[in-house]
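>>> fold the following for me, if possible:
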Amino acid sequence: MAKKATGAPKSSSRIKSARPATKPGPQPEAQLAEYRRKRDFTQTAEPEGGRSRAGRKLAFVIQKHAASHLHYDLRLELDGVMKSWAVPKGPSLDPAVKRLAMQVEDHPIEYNTFEGTIPHGEYGGGTVMLWDRGTYDYGGTVPDSEEGLRRGYEKGDFKFVLNGKRLQGSWALVRMRGDRPGKPQWLLIKHRDEYAMPASDVAADHQTSVSTGRTMDEIAGGDSRIWHSNQSEKKSGAVEERHKRLMQSARSNKKTSSR
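The predicted structure is shown next:
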């Protein structure tokens, strides 16, 4: 006698749909508290931040920053803020070179368009250049890429893929053991891929802004002393065009005077 069926078998689709939803990340307001505490926004035109951004690829930016010491600020968007590291010697495309990256406070996403001058006497006072920018993706194996980025960041093994104007390919930030409380130290490492360039120095090779084409000296003495928001794309284009005209005029005058 055949056994009576006790119920319908579970479908594979139901089993797959039982996977828990992605855990939401921390809120930007809480993450920006330290950034805001260090700044007087009546004196500096840096953004206070806090506006969320949805439905777009994650952004990254590297800003060359002549503060008390020249360094490069690497910023990677995650959970509504820019996770930030100060890299004293800048990035390297040589996988054999491990660059120290000191983690600093989270910055607003609006900071991604900042090129100009922070007033002396204010926190981080000095000239800021947009050295590189673009989008980035998760470089690990967790199926949910955003969750993978969070896990990597929390674990201290942050794998990512850059799609910038000057930097591309696979990278990692690895947190060092025994770092100082409140000042986590990481190593920025280029993975071996088609974008790796042993024995190269990409920081020395590129001395101008990817936004305006200007040097640090030209930014310090130029028009963009005030931080401006997303309208900066138009303004930066106008500044770049004006700079090209000035350079062409200078070359023309030089030729005329040499005759």
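>>> ok, and for the longest strand anywhere in the chain, which residues are buried?
If you go by DSSP state E, the chain has its longest strand at strand 126-138. Buried positions in strand 126-138, judged by neighbour count with 16 or more other Cβ atoms under 10 Å: 126, 127, 128, 129, 130, 131, 132, 133, 134, 136, 138. (C-beta placed from N, C-alpha, C; glycine too.)
>>> out of those residues, which is nearest to residue 75?
Nearest to residue 75 among the buried residues of strand 126-138, counting by Cβ to Cβ, is residue 133 at 9.2 Å.
>>> name whatever forms a beta bridge with the closest one.
residue 61 (DSSP bridges).
>>> residues in contact with it?
59, 60, 61, 62, 112, 164, 165, 210, 211 (Cβ atoms under 8 Å, 6 or more residues apart in numbering).
>>> please redo it, this time with the cut-off set to 10 Å
If a contact means Cβ atoms under 10 Å, 6 or more residues apart in numbering, then residue 133 has 59-63, 75, 112-113, 162, 164-167, 210-211 as its contacts.
>>> tell me where the model's unsure across this structure.
Low-confidence segments of the chain (pLDDT under 70): 1-55, 179-182, 223-259.
>>> ok, and the most crowded of the contacts of residue 133?
The most crowded member of these, judged by other Cβ atoms under 10 Å, is residue 62 (27 neighbours).
>>> I'd like the distance between that one and residue 111.
Remark: distance between residue 62 and residue 111 (Cβ to Cβ, to the nearest Å) = 12 Å.
>>> which residues are common contacts for the two?
With Cβ under 10 Å, 6+ apart as the test, residue 62 and residue 111 both reach 73, 75.
>>> thinking again about what came up before, now, the contacts of residue 133 that are in strands?
Within those, residues falling in strands by DSSP E are 59, 60, 61, 62, 63, 75, 162, 164.
>>> name the SS class of residue 173, please.
strand (DSSP: H, G, I helix; E, B strand; the rest coil).
>>> again, but for residue 193
For residue 193, the secondary structure call by three-state DSSP comes out as coil.
>>> rewinding a little: could you list every helix and strand in contact with the following helix or strand past the longest strand of the chain?
Next along the chain after strand 126-138, taking DSSP states H and E as the criterion, comes helix 145-155. Here helix 145-155 touches strand 70-78, strand 126-138, strand 157-164, strand 168-175, going by 3 or more Cβ pairs under 10 Å, 6 or more residues apart in numbering; DSSP states H and E.
>>> nearest to residue 187, out of those?
Nearest to residue 187 among the helices and strands packed on helix 145-155 is strand 168-175 (4.9 Å), distances taken as Cβ to Cβ.
>>> and the next helix or strand after the closest one, which residues are buried?
The helix or strand immediately downstream of strand 168-175 is strand 185-190, counting by DSSP H and E. Within strand 185-190, the residues scored as buried using 16+ other Cβ under 10 Å are 186, 188, 189, 190.
>>> distance of the second one from residue 147?
What that stands for is residue 188. 23 Å.
>>> I'd say residue 149 and residue 136 touch.
Yes - using Cβ atoms under 10 Å, residue 149 is in contact with residue 136, at 9.1 Å.
>>> appreciated, that's everything.
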